[in-house]
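Visitor: here is a sequence together with a model predicted from it:
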Amino acid sequence: MKKLLLATAASALVAGGAFAGGHEKDVKLGVILGFTGPIESLTPAMAGGAELAMAEVTASGKLLDAATVTPVRADSTCVDAGAATAAAERLVTSDGVKGIMGADCSGVTGAVLANVAVPNGIVMISPSATSPALTDAEDNGMFFRTSPSDARQGAVMADVLAEKGISSIAISYTNNDYGKGLADAIAAAHVAKGGTVTINAAHEDGKGDYSAEVGALASAGGDVLVVAGYLDQGGKGIIEASLDTGAFDTFALPDGMIGDSLTDALGSDLDGSFGTVPGTDSDGAGTFAEIAAAADLDASGPYVGESYDAAALIMLAMQAAGSSDTADYQSKVEMVANAPGEQIFPGELGKALDILAAGGDIDYVGATNVELINGGESAGSYREITITGGKMETAGYR
């Protein structure tokens, strides 16, 4: 049925002049990420990934009526819902963006979705908002994500813990939707495998002293401390206080804690710790790494490939619809992301645009093995990290 509908739409476009009328020569896309805040060390590369896809499409000259795609950045702060909402509103009302790549952190993503994207009818595709609560958010078909839900990350982390023979864990999480959802997912999955959780306690970001929080964690005990926080904020503070007091010396680190800024700060004190972050060893991932390197972009950090894919999906959906208007292209996002169709990898966006313009089908694989399920969720896979010699290394994929 999907192929029939796409072919019919393409025939109608050809009959009326393919992609004729009403197409802006400059299509603006919002890039809203936490350029300040607790993950600010990660977001420049994420934005670079999205903008690499936009530059590739612009260079091809094949989107709609040879449109130029221009990124417009905005700061989500990661944690301030009011600031993120205001920034997103400016993207829509002042800058006139036709879609949003972002937001990043789950709480601000939910706020932007509810207060800006849905009321204004703007598609947003997040590369990194992983809270399970977003699965059931009222989105009117406007919201997608290229990173998997933390419901899956919880199960993956529980598998890693079990394989390492770790039965008892303490958990410290950042006190927001992301942190609580992830902590609860890890706790539930760990207990289901026969493990115990000694304490599951929140911490606030932005504090100068975490000795009280670490004292409570130490009293509860545990073989390792799971830190479901942010690497440039409270999560780092919890680890530093734990190391200083000797409360814990081994840490399990979910995605928000994965990044070079953490090991640059703490070095070999983290040796033996481990973590998980969305990632794949697919052919697309290798190709993307090469393309990114040629553009002086480090693709090894969290959510860089997911950002490229999020931006690519928006533009490919526009081409499938023959329009940059959200009302026209929102229903095409899953169509271009999934089978049937010719598989499309990084560096092949021009090829994909040609296929779609001719009324064909594509199956966008991209940098991260994109597959959208359950109305816009990413099926996703994970990269397992170990810290050795003060450096994060890839231990495998799940």
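Guide: Everything's here; your move.
Visitor: how about the strands in the stretch 201-350 of the chain?
Guide: Along the stretch 201-350 of the chain, counting by DSSP state E, counting those that start in this stretch, strands occupy 224-228, 251-253, 274-278, 342-344.
Visitor: can you list the strands that the first one pairs with?
Guide: Right, strand 224-228. Strand 224-228 has the following strand partners under DSSP bridges: strand 168-174 (parallel), strand 251-253 (parallel).
Visitor: now render those as TSV, adding mean pLDDT and distance to Q343.
Guide: Every C-beta, even on glycine, is put in place using the N, C-alpha and C of the backbone. As requested, the strands paired with strand 224-228 are exported to TSV (pLDDT from 0 to 100; distance: least, CB to CB, whole Å):
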stretch	mean pLDDT	distance to Q343
strand 168-174	98	38
strand 251-253	98	33
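Visitor: save those strands as a markdown table, and put in distance to D298 and mean neighbour count too.
Guide: Putting the strands paired with strand 224-228 into a markdown table (distance: least, CB to CB, whole Å; neighbours: other CB atoms under 10 Å) gives the following:
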| stretch | distance to D298 | mean neighbour count |
| --- | --- | --- |
| strand 168-174 | 25 | 25 |
| strand 251-253 | 19 | 26 |
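Visitor: dump the ones you listed to a markdown table, plus distance to S128.
Guide: A markdown table is the format used below for these (distance: least, CB to CB, whole Å):
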| stretch | distance to S128 |
| --- | --- |
| strand 168-174 | 14 |
| strand 251-253 | 15 |
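Visitor: quick one on the thing from earlier: from the strands of the stretch 201-350 of the chain, which stretch is densest packed?
Guide: strand 224-228 (a mean of 28; mean count of other CB atoms under 10 Å).
Visitor: please list the outside residues in contact with that one.
Guide: Contacts of strand 224-228 with the rest of the structure, by CB atoms under 8 Å, 6 or more residues apart in numbering, involve 157, 161, 166, 169-174, 178-179, 182-183, 186, 217, 235, 238-239, 242, 247-248, 250-254, 256-257, 273.
Visitor: how far out from the middle of the chain is that strand?
Guide: Between the centre of strand 224-228 and the centre of its chain there are 21 Å (CA atoms, centre = their mean, to the nearest Å).
Visitor: would you mind writing the CA trace of that strand as PDB?
Guide: In PDB, the C-alpha atoms belonging to strand 224-228 read as follows (Å, rounded to 0.1, in the frame of the first residue of the first chain):
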ATOM      1  CA  VAL A 224      28.900  -0.400  41.600                       C
ATOM      2  CA  LEU A 225      27.300   3.000  41.300                       C
ATOM      3  CA  VAL A 226      25.100   3.600  38.300                       C
ATOM      4  CA  VAL A 227      25.100   7.300  37.500                       C
ATOM      5  CA  ALA A 228      22.200   8.200  35.200                       C
END
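Visitor: check contacts around P254.
Guide: By CB under 8 Å, 6+ apart, the contact set of P254 is 150, 153, 157, 182, 186, 226-228, 275-277.
Visitor: name whatever forms a beta bridge with the closest residue in space to it that isn't next to it in sequence.
Guide: Among residues not flanking P254 along the chain, A228 sits closest, at 5.2 Å (CB to CB, 6 or more residues apart in numbering). Residues in a beta bridge with A228, per DSSP bridges, are Y173.
Visitor: E56 is nearest to which of the strands paired with strand 224-228?
Guide: Set against E56 and scored by CB to CB, these come closest in strand 251-253, at 32.4 Å.
Visitor: quick check: next helix or strand after the helix or strand of the chain with the lowest mean pLDDT?
Guide: Least confident helix or strand of the chain, by mean pLDDT, DSSP states H and E, is helix 2-15 with a mean of 30. Sequence order places strand 26-33 as the next helix or strand after helix 2-15, per DSSP states H and E.
Visitor: what lines up beside that following strand in the sheet?
Guide: Strand 26-33 sits in its sheet next to strand 68-75 (parallel), strand 100-102 (parallel), going by DSSP bridges.
Visitor: what's the most buried one of these?
Guide: strand 100-102 (a mean of 33).
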